[in-house]
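[1] using only what follows, build the 3D model:
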Amino acid sequence: MMKLRRYLIAAMVPALAFVSCKDHGDGTNALPQISSDAELFRLVTDQEPFMIYELFPRADSVASGTLNGSTAHQPLVRVSMNAVALGALQNGSLPGGTDFPDRSIIFKQIMMSGQTVLYAIIFKDRTNSLSANGWLWGEYYPDGGTAYSVTARGSGCTGCHAREQGPQHDFVRTFERQN
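    Now for the predicted structure:
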């Protein structure tokens, strides 16, 4: 019996070490290396599913209309963020002079007639060669198809995100929708 117990403990230690090193999406482990649209989509749908994200604080759960200088993401949007991004906020705002930490995800669902038709995702990774302004920028259909590729390095996104209050909020314009 004692041999069996020792054997089970010896077998469990590597398994427990593996589980404790697993990325739980809390920002404490190494960044996932995103080099493709499939990897970013998998991150927000499987590895750290957007369904567990919190709604953007002090913003309507579903917003309509455009932000000044932008006609993107029509007609309705629902914006949420992962725990890493949420943890960077103080009283629902990004403190002046700070940026979101790496691993932050801002996730926007673009909705039409009550259905989500597109996901717009930004993932903070300052070291990634595909990033622009420190973010990976991608847009995907709910089935995983790519509408806007991370390989475009935000070229179709950063122009609008650099307008108005974007730069002072690390290029996240949803702060302009807060109540």
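[2] could you look up the SS state of Q168?
    Secondary structure, DSSP: H, G, I helix; E, B strand; the rest coil: Q168 is helix.
[3] contact partners for the residue lying closest to G144 once chain neighbours are set aside?
    The spatially closest residue to G144, leaving aside those adjacent along the chain, is F41, at 5.3 Å (Cβ to Cβ, 6 or more residues apart in numbering). In short, each C-beta sits where N, CA and C put it, glycine included. By Cβ atoms under 8 Å, 6 or more residues apart in numbering, F41 lies in contact with Y119, I121, G138, Y140, G144, T146.
[4] from these, which two are the most distant?
    Pairwise distances across those (Cβ to Cβ) peak at 12.2 Å, for the pair I121 and G144.
[5] in terms of neighbours, single out the busier of the two.
    With neighbours defined as other Cβ atoms under 10 Å, I121 and G144 compare such that I121 has more, 22 against 12.
[6] which strand residues bridge the more buried one?
    As for beta bridges, I121 partners with F107, G138 under DSSP bridges.
[7] from what I can see it touches S104, true?
    No. Using Cβ atoms under 8 Å, I121 is not in contact with S104; the gap is 11.2 Å.
[8] got the phi/psi numbers for the residue positioned nearest the centre of the chain?
    In the chain, the centroid-proximal residue (Cα atoms, centre = their mean) is I105; its distance is 1.8 Å. Main-chain torsions, I105, degrees, to the nearest 10: phi -130, psi 130.
[9] before we move on, what about the one 5 residues further on?
    Note on I110: its backbone torsions stand at phi -100, psi 130 [degrees, to the nearest 10].
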